[in-house]
Every structure is written in structure tokens, then in C-alpha cells.
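**Q** have a look at this fold, sequence not included:
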């Protein structure tokens with residue numbers, strides 16, 4: 001064990017492979033466009049498959065379109081240790097989001113192979129399908145994927161059945177992609193933070209406590225449209241003024257609720273949207289997130305009570321309807337402790353923090369032990385060509401991943 005813990009990743013190789021992957025789908029403005037199931041995505045998937053095979057891994061594509069590279073262990077019938085992320089991007093993405101986690105997993109295998117080391121457990125590196133839009137790959141693996149194809153809003157508006165078939169998946173047998181704790185002992189995902197916390201507090205590594213749950217709601221307000229010049233203030237039923245009360249209330253609830261929840265009003269539509277007309281109707285979006293489902297539920301209940309009060313005082317009709325609910329997933333304490341121990345041994349500073357964005361690990365953590373390792377994102381920028389994590393930071397994260405997996409290989413025996 002002492003000998004294997006001295007292993008480190010090849011930083012130059014890791015970052016060169018990231019750079020090579022970034023060439024696929026690179027745009028003239030230096031952003032990367034590898035939309036799920038697009039020709040660019042398929043090219044990147046083929047390249048990753050070739051790299052995996054060259055590193056001594058067997059490769060399969062499951063019914064959910066996930067690429068699974070497997071590096072055999074000394075006890076091949078033991079549960080697998082797994083890592084990974086995604087290689088698809090948004091329309092104008094960067095080179096690190098998702099890709100770092102996959103390429104770091106590949107680098108771990110390369111290090112093991114060149115040192116002729118086999119873990120006790122089989123080791124899997126997974127590139128999940130379509131993380132940026134439908135998350136069908138991770139959801140298929142966790143057994144939570146909807147079975148109605150119409151519920152998948154694919155980025156190219158094609159039927160999900162056709163998208164999966166193009167990537168080697170199989171809609172008709174989607175259930176066969178489901179895994180369990182009996183298959184995977186734990187899953188550890190390395191990812192760029194996509195936020196500015198680590199940079200702001202000058203920490204090398206973020207030890208993720210869990211991935212927040214999300215609730216999205218649509219709030220509609222019905223007042224009365226009327227002439228802006230001839231309607232006295234005390235006779236108005238102004239839907240936009242009412243909306244302003246609610247927006248401030250939402251901010252106040254999140255700021256003063258125990259813990260560290262967030263709440264956002266991101267869209268606002270006004271009718272009739274005329275300069276000389278009192279707004280008669282408004283629709284706004286609400287996004288609430290926290291590591292505790294109970295906190296989210298309590299915040300929504302507090303907001304409902306506020307809505308009742310505001311509706312009476314403004315003489316408007318206010319309705320709130322849910323549109324999305326994603327349960328939070330907590331990282332396993334044992335995996336967090338292992339990541340912390342690895343950071344301390346490697347001399348890297350760290351902090352605990354939640355992930356406020358969704359990741360594949362959120363779904364995998366629904367059926368087995370899960371952990372995540374964050375590395376800093378410059379100025380917190382992500383989903384952008386300006387996304388940047390230094391080569392040294394990428395290597396630090398990969399080394400924490402490597403050491404943590406070596407430790408977990410013993411922990412789960």
C-alpha cells in the first residue's frame with residue numbers, strides 16, 4: 001500500500017489529453033460545441049474509446065449510451081470502484097466541465113497500467129451520456145430514467161430513441177443499464193467547481209458534502225390592466241408591483257433561512273408589456289436549492305404563506321405551480337473522509353462545500369456511496385470559452401482522485 005500511495009499522475013499527459021479532446025468541437029471563438037449525440041460528440045466518444053482501449057481497458061456502451069471503460073482487478077468478481085463524468089458540452093462550452101473528470105479517470109488507469117498495478121477491485125471510468133440536457137445516461141444507470149420518450153427534451157429536438165441508437169444505446173432495453181450497490185462499491189467524480197468559492201478562499205480542493213436538491217416553480221399573478229394615466233394609485237391592481245413584493249420576499253426567505261440555501265427568480269414576463277398600461281398579468285420563475293429537502297420544503301411553505309398575504313393586500317390572484325423537483329444527494333461520509341485524508345497527505349489545502357449544480361454523481365449517489373472532488377474555476381466562470389482551471393490545479397485534483405481511489409480500494413474489501 002505504501003508503494004502505491006507514492007504514485008502520482010503525469011501532469012503533462014493529463015493536460016495534453018484534455019487539450020486534444022478540446023480540439024473536437026472547437027469553434028472559431030475558442031468555445032467548444034459538442035452537443036450530446038451530435039457528430040462532434042460521437043467523434044469525441046470514439047476518441048475516448050480508443051484511449052481507453054490503449055490503456056488496457058475493456059470498453060462497452062450500455063443501453064443508456066454510457067461509455068464504460070473497465071480496468072480489471074485482482075478480484076474480478078468484486079464490486080467495482082468507479083469514477084467519471086461527461087464529455088458533452090453546452091452550445092458555447094469550455095474544455096474542463098465534465099471532461100476533466102473523465103480524462104482524470106483515464107489518467108489514473110494509465111498510471112496503474114504503466115506501473116503494472118492492479119487494484120483489488122475492478123475499476124471503471126464512465127463517460128455518461130447527455131449530462132448537459134437530459135442526463136439520460138446517469139438516470140438510466142440509477143434506474144430513475146422516465147420511460148416516456150416524450151419527456152426527453154433533447155438538444156437537437158430529435159426523438160431520444162434515435163439519439164441513443166446513434167451513440168450505441170438502446171431505448172427499448174434502457175432498463176438493462178441500471179446498476180446497484182452490488183455492482184459499484186462507490187463512485188468518485190472529479191469536477192471543476194463552476195463557482196468562485198475555492199478561488200475566493202484560496203483553497204486547492206473542495207470536498208463536496210453533497211449535491212443540492214432543486215425545486216422549480218412557475219408563479220402567475222393576475223391583476224387588472226388599465227390606463228396608466230387615468231387609474232389612480234389606490235385603485236390599481238398592478239401585477240408587476242405584486243411581483244416585486246414576491247421577488248423581494250423570495251430573496252429574504254433564502255437570506256434568512258437557517259443553513260445556506262439559495263433562491264432565484266430568473267425569468268419575468270409581463271402582459272400587456274406596454275409603457276402606458278398598468279400591468280395586468282405577470283409570470284415569473286422560481287428556483288430553490290439546498291442540501292436538505294426539508295429546508296426546501298419549509299422555504300416553499302413560508303413562501304406560500306407570504307403569497308396569501310400579498311394576494312389580499314394587492315387584490316390580485318396568485319398561483320404557484322411546481323415544474324421540477326430533484327432530490328438532494330449527500331456524499332458518503334466515508335468517501336469525504338478519504339478525500340480529506342488524501343488532501344492532507346498530499347499537502348493540499350481544502351474546504352467542505354456543497355455542489356449547487358447537478359452532476360452525474362447526483363444520480364449515481366442514489367444507489368451507492370458517492371463523493372466529489374472540486375478544483376477551482378477561475379473567477380467562477382463555467383459553460384463558457386473563458387472557463388479556466390490551471391494545469392497544476394487539474395493535476396492536483398487528479399492526484400487526490402488517484403490517492404483516494406487507492407485508499408478506497410482497501411476500505412471496501
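**A** Good, I have the coordinates. Fair warning: this is a prediction, and the values are worked out from it, not measured in the lab.
**Q** residue nearest the centroid of this structure?
**A** With distances taken as Cα atoms, centre = their mean, the residue of the chain nearest its centroid is residue 359 (2.2 Å).
**Q** who's in contact with that residue?
**A** 85, 131, 189, 191, 211, 372 (Cβ atoms under 8 Å, 6 or more residues apart in numbering). No exception for glycine: its C-beta is placed from N, CA and C like everyone else's.
**Q** ok, now how distant is it from residue 326?
**A** Distance, residue 359 to residue 326, by Cβ to Cβ, to the nearest Å: 11 Å.
**Q** burial count for the nearest residue to residue 128 once chain neighbours are set aside?
**A** Excluding its sequence neighbours, the residue lying closest to residue 128 (Cβ to Cβ, 6 or more residues apart in numbering) is residue 137, at 3.7 Å. The local packing of residue 137 (other Cβ atoms under 10 Å) involves 32 other residues.
**Q** and residue 137, which of the three is it?
**A** Following DSSP: H, G, I helix; E, B strand; the rest coil, the label given to residue 137 is helix.
**Q** isn't it right up against residue 130?
**A** Yes. Residue 137 lies in contact with residue 130 (Cβ atoms under 8 Å); the separation is 6.1 Å.
**Q** what sits in contact with each of those two?
**A** Taking Cβ under 8 Å, 6+ apart as the criterion, residue 137 and residue 130 both touch 65, 86.
**Q** coming back round to it: residue 183 versus the residue nearest to the centre of the chain, what's the distance?
**A** Computed as Cβ to Cβ, the residue 359 to residue 183 distance reads 20 Å.
**Q** ditto for residue 308
**A** Distance from residue 308 to residue 183, counting by Cβ to Cβ: 48 Å.
**Q** the two: who's more crowded?
**A** A count of neighbours by other Cβ under 10 Å puts residue 183 above the other of residue 308 and residue 183, at 15 against 10.
**Q** contact partners for that one?
**A** 79-80.
**Q** nearest residue to residue 181 other than its sequence neighbours?
**A** That would be residue 368: by Cβ to Cβ, 6+ apart, it lies 4.6 Å from residue 181.
**Q** and for stretch 150-164, what's in contact with it?
**A** Contact partners of stretch 150-164, identified using Cβ under 8 Å, 6+ apart, comprise 35-38, 63-65, 129-130, 132-134, 136, 146, 149, 169-172, 174.
**Q** I'd like to know which of the residues you listed are part of strands.
**A** In strands, judged by DSSP state E, none of these are found.
**Q** out of these, which are buried?
**A** 35-38, 63-65, 129-130, 132-134, 136, 169-171, 174 (16 or more other Cβ atoms under 10 Å).
**Q** cool, thanks, signing off.
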